[in-house]
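> here is a sequence with its predicted model. Questions after.
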Amino acid sequence: MNNLIMNELVLLTEFWKNQTVTNYLNCQNYLYQSKNFDPFEKYLDRLQLDYENKNHHDFIAHITETMQLSLFVLDKLSKIYKEMDNKHEAVNYFTKAAEVAEVILSTGDGTRDFPYQIIYPSDCKEVLLYLQEEYYKHATVNHNNKKLEVVITKSNKEFYFDITDLQICKEKAVSEKVEDMLKWFERNTNRPL
C-alpha cells in the first residue's frame, strides 16, 4: 500500500475514533492537497443514478474511503442498507452522517465571520437537511479574504460555508487537467503549443 493511501487511512481511522474538529480539518487539509481528491464530485451523478435506479451493490462498490466523509454518501448508504433490510449498517451510516454533520456544525457558527468548514460542496445542502432547513438559493461571496458559499433557506435563514481552499483545489485540478491535455496533444500531434 503506498504512503498516500496509508496516510489517508490513518487520518480517517483517527477521525472515526475521535470525531473532533481538529481531526476533521486534518482530513480536509490532506484531501485538498491530494491529487486523488475529486473536488468536482463527479461521482455524485453516478452515485445518484445508482441510488435512484436501486443499483445498491453498484453504489456501494463505487464508494472510496475518502467519500466516507461526504454527508451525501453517508446518508445514501444509510438509506440503501435500510432498503436492503440491514438495520445494523443502516444505523451505522446514519450515526456516521450525524457525527460528521455535528463536527461540521462545530467548525463555526454558520455566519459570515465564522462559516462552517466543509470538505465536499454537497455538504452545504446536506447540513441544511440535517438542520431540517429547506434550500432556496445560494451565492458565492468574498469576505475577509475568504470565499464563502452563502446558502439561503426557504425560511430566509442564511448559512455561510468557507469554500476558500475548496476553490483553490478546484482551480488547481482544472489547471492540472488542462496541462495534461496540452502534453497529450503535443505528444500525439508532434506539434508544440
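Everything's here; your move.

> and the residue positioned nearest the centre of the chain, how far from Ser155?
Against the mean C-alpha coordinate of the chain, by Cα atoms, centre = their mean, the closest residue is Tyr120 at 2.2 Å. Going from Tyr120 to Ser155 by Cβ to Cβ, to the nearest Å gives 24 Å. In short, each C-beta sits where N, CA and C put it, glycine included.

> swap in Lys125?
15 Å.

> which one of the two is surrounded by more residues?
Lys125 (16 against 9; other Cβ atoms under 10 Å).

> right, and the more buried one touches Tyr135 too?
Yes. Lys125 lies in contact with Tyr135 (Cβ atoms under 8 Å); the separation is 5.4 Å.

> which residues do the two both contact?
Val151 (Cβ atoms under 8 Å, 6 or more residues apart in numbering).

> what's the neighbour count on Ile118?
A count of neighbours around Ile118, defined by other Cβ under 10 Å, yields 25.

> kindly apply the preceding question to Ser78 instead.
Ser78 has 20 nearby residues by other Cβ under 10 Å.

> ditto for Cys27
20.

> quick one, what contacts it?
When contacts are taken as Cβ under 8 Å, 6+ apart, Cys27 is in contact with 11-12, 15, 69, 119.

> which regions of this protein lie under the pLDDT threshold?
1-6, 36, 38-45, 62, 64-66, 173-193 (pLDDT under 70).

> could you verify that Phe159 is part of a helix?
No. If the criterion is DSSP: H, G, I helix; E, B strand; the rest coil, then Phe159 is strand and not within a helix.

> would you list every one of the helices in this protein?
3-17, 21-33, 42-52, 56-61, 71-83, 87-106, 123-130, 164-189 (DSSP state H).

> compare the ones you listed and give me the one nearest Asn145.
helix 164-189 (8.0 Å; Cβ to Cβ).

> what about Leu77, distance to Asp165?
26 Å.

> the two: which is more packed in?
Using other Cβ under 10 Å as the criterion, Leu77 and Asp165 rank with Leu77 on top: 26 against 19.

> still on that earlier bit, in contact with the residue nearest to the centre of the chain, which residues?
41, 69-72.

> Tyr24 and Lys82, how far apart?
26 Å.

> more neighbours: the two, which one.
Comparing Tyr24 with Lys82 by neighbour count (other Cβ under 10 Å), the higher total belongs to Tyr24, at 22 against 15.

> can you get me a residue count around the nearest residue to the more buried one once chain neighbours are set aside?
Using Cβ to Cβ, 6 or more residues apart in numbering and skipping residues adjacent in sequence, the residue nearest Tyr24 is Val103, 4.7 Å away. Per other Cβ under 10 Å, the neighbour tally for Val103 reads 21.

> got a list of what Val103 touches?
Val103 touches 19-21, 24, counting by Cβ under 8 Å, 6+ apart.

> what's the farthest-apart pair in the residues you listed?
Across these (Cβ to Cβ), the longest gap, 8.8 Å, separates Gln19 and Val21.

> count of neighbours near the nearest residue to Phe37 once chain neighbours are set aside?
Distances taken as Cβ to Cβ, 6+ apart place Leu31 nearest to Phe37, at 4.4 Å, with adjacent residues excluded. Neighbour count of Leu31, defined by other Cβ under 10 Å: 22.
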